[in-house]
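# Model the following, please.
(chains A and B)
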Amino acid sequence: MFETFYPILFLVLFATFLAFMLVAFSIILGRRTSLGKKFQAYECGITPEGSTKDPVPIKFFQVAILFLLFDIEVIFLYPWAIVSRQLGWFGFIEMLVFIVILLVGYFYVLGRGALKWD
Amino acid sequence: MIWPIASAELLPLFSYLYELLESTGLPQPWLAVVVYTFLAALVFGVLSLLALFLVWWERKIAAHIQQRFGPMRHGWHGWYQTIMDAVKLLQKEDIRVATRDKTVFFWAPVVCFVAAFLAYVTIPFGEGLIVADLNIGILYIMAVTTFTVISLLMAGWGSNNKYALLGGMRSAAQVVSYEVPMVASILVVVLFVGSLSMVDIVQAQAGGIWNWYIFRLPYGPIAFCTYIIAATAEANRTPFDIPEAEQELVAGFNVEYSGMKFAMFFLAEFVNAFTVSAIAVILFFGGWHGALLPSWMWFLGKTFGIVLLLMLFRWTYPRLRVDQLMEFSWKFLVPVTFANIIIAAWFKYAGWYW
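Next up, the predicted model:
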C-alpha cells in the first residue's frame, strides 16, 4: 500500500547524507582562526546587548493561530473537491455553508482588528 | 518481502538499470535500495545544476536591468561563475557563534536543504519522468514545501541574534499568511480535475493550448495571479523578501551562517523558486504538453518562463513594508481566493466547464 512512498524515504536519507557531507567538507577544507570577537553575534558591529529570548509580540502568535484555522478549513475543502462530482448540488450547498461559517469568523477577526499589523 | 518498484515501467533509463541489476542476481530489497538511491542521486544532480544555472541567470538579468554586465570573467559571459562561487564557499571558515543554540543552529540548514528537494518526488519533468506518482501529489507538495519555514525559524532562533530572530519570525508569519491563498488557489484546479495526482492534472490539460487551465477556465487567470503572488511570497523572493530585508535586518535569518551552510540556504531558496514555478506550470500551463519538442523540454522551457517572471518581479518592484505585506494577504488575497472557489464551484455544478 505504501510502496509509492518509499522514494520519499530514500530522498530524505540521501539529502540528509549529502547535507552532512557538505557541512563536513566545509569544516575540513575551511580555514580556522581563533579571533575571539569573530564568534560574537553580528548585530551591525555593535556589541550585542540584552537577550534574544525576550517575549515576542503577540501578533506573530495571532497569525499562527489564524493560519491554523484557515488552512485547516481549506484543507477540508480538498476531499470535497475530489468527490464534488458525485455529491451534486448537495455538495455545493454544503460547501457554501462551510465557507459562510468561515466568513463569519473572518469578519469577526477583521472587526476585532486581529489582522491589523502595526 | 518484495518491494515493487513504483516507476520501473515509466523511465526507460530506470528500467534499463533495473534489468542490468537483476541479471547480476542481486536480492530484491537490495535491488530496490540501489535503484531508489540512484534515482535520488539523479534528482539531486539535475536540481543542483538547475539551481546553479538559476543563480547565474538571475545575476545576469539583474545586471542587464541595471545596465551592467554581471559576471563576465569565468568562461563565456561568466557561465561557470556560480560553480566557482560554490568552490569558494566550500573553502570558507565555518563560523559558529559562541552563544548559539548548538543543535538548532546545526540542523537549520540541513532541514532547509532537505525540505527544498522533497517536493521533487512527485513533480513530473516530462511524460513518465516522475519518481513516484503519488495519489495525493499536490497535497504532499504543499505539505513538504512548508517545511522550509520551520528551518528559517530554527535558523533565526538558533543564531541567538536579534536580527536573525526577527527575520525568522517575520518569515514564519509571512509564509504562513500566504500559504492560505496559495492552497485556496490550487483548490480551484483540483476541483476541476477531481484528482490530486500530478500526472492526472497534467493529462487533463492535453490537446492544445486552449486546454491549459489558465485559458480554459474563466476563473483560471485569477487563480493563476493569486497563486503566483502567494508563491513569490512563499519562496521569500522580492517584493516579499521581508525576512532578509538587507536594509533593516542585516541579512535576516541567515546573518550568522557562513560558508557552506549559507550556500545551503541559498541553494534551497533557488530550488524553492524553481519548485513554485514548476507547480504553476503543472497546474495552469499544461505541464509537459506541447508540440514537436520532447516533453521534458517543454516542461523546462515553461518553468524557466515562470522563473523569468519571478525574476522580473524581483527587479522591478520595490519591497513591501511588513504591515502592508500581512494586510495584503489577509485582507485582499484571502477573500479573493475564497470568492474564486465559490465561483469555480458554481461553474462546475452548473455544468458549464466540466
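
# Counting neighbours, what do you get for residue A:13?
14 (other CB atoms under 10 Å in any protein chain shown). In this view, the C-beta of every residue, glycine as well, is placed from N, C-alpha and C.

# give me every residue that touches it.
residue B:40 (CB atoms under 8 Å, 6 or more residues apart in numbering or on different chains).

# So, low pLDDT: which residues of chain B?
For chain B, the stretches with pLDDT under 70 are B:1-15, B:242-250, B:352-354.

# If you could redo that for chain A, that was the one I meant.
A:1-3, A:36.

# Can you name every helix or strand that the longest helix seen in it contacts?
If you go by DSSP state H, chain A has its longest helix at helix A:58-87. With contacts taken as 3 or more CB pairs under 8 Å, 6 or more residues apart in numbering or on different chains; DSSP states H and E, helix A:58-87 sits against helix A:89-111, helix B:162-193, helix B:334-349.

# Tell me what angle the longest one forms with helix B:334-349.
Spelled out, that is helix B:162-193. 10 degrees (axes from the mean of the first three to the mean of the last three CA atoms, to 10 degrees).

# Report all helices and strands that the helix or strand following helix B:162-193 contacts.
Once helix B:162-193 ends, the next helix or strand along the chain (criterion: DSSP states H and E) is helix B:198-203. Packing partners of helix B:198-203 (3+ CB pairs under 8 Å, 6+ apart): helix B:137-145, helix B:162-193, helix B:259-284.

# got the angle for the longest helix of chain A vs helix A:89-111?
Going by the same axes, to 10 degrees, helix A:58-87 makes 170 degrees with helix A:89-111.

# ok and the residue in chain B nearest chain A?
residue B:260 (3.4 Å; CB to the nearest CB).

# So what's the residue count around that residue?
Residue B:260, neighbours per other CB under 10 Å, totals 25.

# wait, it sits on residue B:91?
No - Residue B:260 lies out of contact with residue B:91 (CB atoms under 8 Å); the separation is 9.4 Å.

# wait, what's in contact with the residue of chain A found nearest chain B?
Relative to chain B, the nearest point of chain A is residue A:26 (3.4 Å; CB to the nearest CB). The contact partners of residue A:26, by CB under 8 Å, 6+ apart, come to B:89, B:90, B:91, B:92, B:94, B:259, B:260, B:261.

# And residue B:166, how far from residue B:159?
11 Å (CB to CB, to the nearest Å).

# And these two? Which one has more around it.
residue B:159 (29 against 22).

# I figured that one hits residue B:253, correct?
Yes - applying CB under 8 Å as the test, residue B:159 and residue B:253 come out as touching, 7.5 Å apart.

# Tell me how many other residues surround residue 100.
Chain wasn't specified; assuming chain A. 11.

# wrong one, chain B
18.

# before we move on, what about residue B:134?
With other CB under 10 Å as criterion, residue B:134 counts 22.

# Just list the residues touching the residue lying closest to it once chain neighbours are set aside, thanks.
Excluding its sequence neighbours, the residue lying closest to residue B:134 (CB to CB, 6 or more residues apart in numbering or on different chains) is residue B:122, at 5.1 Å. Applying CB under 8 Å, 6+ apart to residue B:122 gives the contacts B:130, B:131, B:132, B:133, B:134, B:137, B:138, B:140, B:141, B:198.

# What is the nearest of the residues you listed to residue A:87?
residue B:138 (20.4 Å; CB to CB).

# Can you tell me how far the closest one is from residue A:82?
From residue B:138 to residue A:82 the distance is 11 Å (CB to CB).

# Same check on residue B:241?
35 Å.

# Can you convert the helices and strands packed on helix B:198-203 into TSV and add a column each for distance to residue A:33?
Putting the helices and strands packed on helix B:198-203 into TSV (distance: least, CB to CB, whole Å) gives the following:
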stretch	distance to residue A:33
helix B:137-145	38
helix B:162-193	22
helix B:259-284	13
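
# out of the ones you listed, nearest to residue A:103?
helix B:162-193 (12.9 Å).

# ok, the closest one near chain A or not?
Yes - counting by CB under 8 Å from any CB of the partner chain, contacts between helix B:162-193 and chain A involve B:162-165, B:169, B:172-173, B:176-177, B:179-180, B:183-184, B:187, B:190-191.

# Do me a favour and get the end-to-end distance for stretch A:85-94?
Criterion CA to CA, to the nearest Å; first-to-last residue distance in stretch A:85-94 is 13 Å.

# which residues touch that stretch?
A:80, A:83, A:84, B:194, B:345, B:346, B:349.

# what does stretch B:224-233 give?
Contacts of stretch B:224-233 (CB under 8 Å, 6+ apart): B:174-175, B:177-179, B:181-182, B:184-186, B:214, B:239-240, B:276-277, B:279-280, B:283-284, B:306, B:309-310, B:313, B:325, B:329, B:333, B:336-337, B:340.

# same deal with stretch B:55-68?
Taking CB under 8 Å, 6+ apart as the rule, stretch B:55-68 contacts B:69-71, B:77-79, B:81-82, B:85, B:266, B:270, B:307-308, B:311-312, B:314-316.

# Pull out the buried positions in it.
Within stretch B:55-68, the residues that qualify as buried are B:55, B:56, B:57, B:58, B:59, B:60, B:61, B:63, counting by 16 or more other CB atoms under 10 Å in any protein chain shown.

# Out of those, which is nearest to residue B:151?
For these, the nearest to residue B:151 is residue B:55 (19.4 Å; CB to CB).

# Would you check how far apart the closest one and residue B:266 are?
Where residue B:266 is concerned, residue B:55 sits at a distance of 8 Å (CB to CB).

# Repeat that for residue B:237.
13 Å.

# check contacts around residue B:305.
Residue B:305 neighbours (CB under 8 Å, 6+ apart): none.

# In which helix or strand does it reside?
Element membership for residue B:305 (DSSP H and E) is helix B:295-316.
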